[in-house]
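>>> Sequence plus predicted model, see below.
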Amino acid sequence: MYPTREEAERLLIDAGKCNPGPWEDHSRVAARCAEKIAQSCEGMDSEKAYVLGLLHDIGRKFGVRHLGHVYDGWQYMLRLGYDDAAKICLTHSFNEGSLDNYIGKFDITEQETEAIRQALSKTEFDDYDKLIQLCDSMAAAEGVIPMEERMSDIKRRYGAYPQSKWDKNMELKVYFEEKCGRDIYSVVQ
């Protein structure tokens, strides 16, 4: 379950008032990318893709946190009864399906970390999880940028970007290009 587009936009606006920052525009760019790609993929719902893209970083509402934004967003969406959105909040930072190559600080309790670890181990990633991971890796606050540029920026800011995570993002790009039948950047423009 996920909110309507209007409700998702209201949630993001409210979250931005609590913790303003470029993450809001990044979320909007990711949502537009997800919507356009889903429109080009048979069997995907572009409205759902937009909403999930818009809410993937909603945990940032609760402050400037690293792994904390994943946990906070996941729990927030669960409390609101939006299981599909909660799943995206959980999975968007883990394209390899585990905490092993997480980029950022572990700024949550061990109990919260273990809850994420357990949830990820039981989660089967579907095309919406993969789509939001892809869109997250090409969405900057100012618009769509090449994935390599976005990943290099993250590497500069955090000091590392695991090669396997980089490679997985490139695999996601190829996966969706095959589903769309064309270059992904031409789809999102």
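Cool, got the structure.
>>> Show the residue spans covered by the helices in the protein.
In the chain, the helices defined using DSSP state H lie at 5-18, 23-39, 46-55, 67-80, 83-91, 110-122, 127-136, 147-158, 163-180, 184-188.
>>> so which of those helices comes closest to Asp100?
Nearest to Asp100, of all the helices of the chain, is helix 163-180, at 8.7 Å by Cβ to Cβ. All C-beta atoms are positioned from the backbone trio N, CA, C, and that covers glycine.
>>> Give me the average confidence score over the closest one.
For helix 163-180, the mean pLDDT works out to 96.
>>> Stretch 22-41 now?
Confidence over stretch 22-41 (mean pLDDT, whole number) is 98.
>>> Which residues outside it are in contact with it?
The contact list for stretch 22-41, computed with Cβ atoms under 8 Å, 6 or more residues apart in numbering, reads 12, 15-16, 44-58, 60, 127, 131-132, 134-136, 138-144, 176, 179-182, 184, 187-188.
>>> got the buried residues for the helix or strand of the chain with the lowest mean pLDDT?
Confidence across the helices and strands of the chain bottoms out at helix 147-158, with a mean of 92, counting by mean pLDDT, DSSP states H and E. Judged by neighbour count (16 or more other Cβ atoms under 10 Å), helix 147-158 contains these buried residues: 147, 150-151, 154.
>>> Hmm, Asn101 is touching Pro162, no?
Yes: the pair Asn101 / Pro162 is scored as a contact, 4.2 Å apart, by Cβ atoms under 8 Å.
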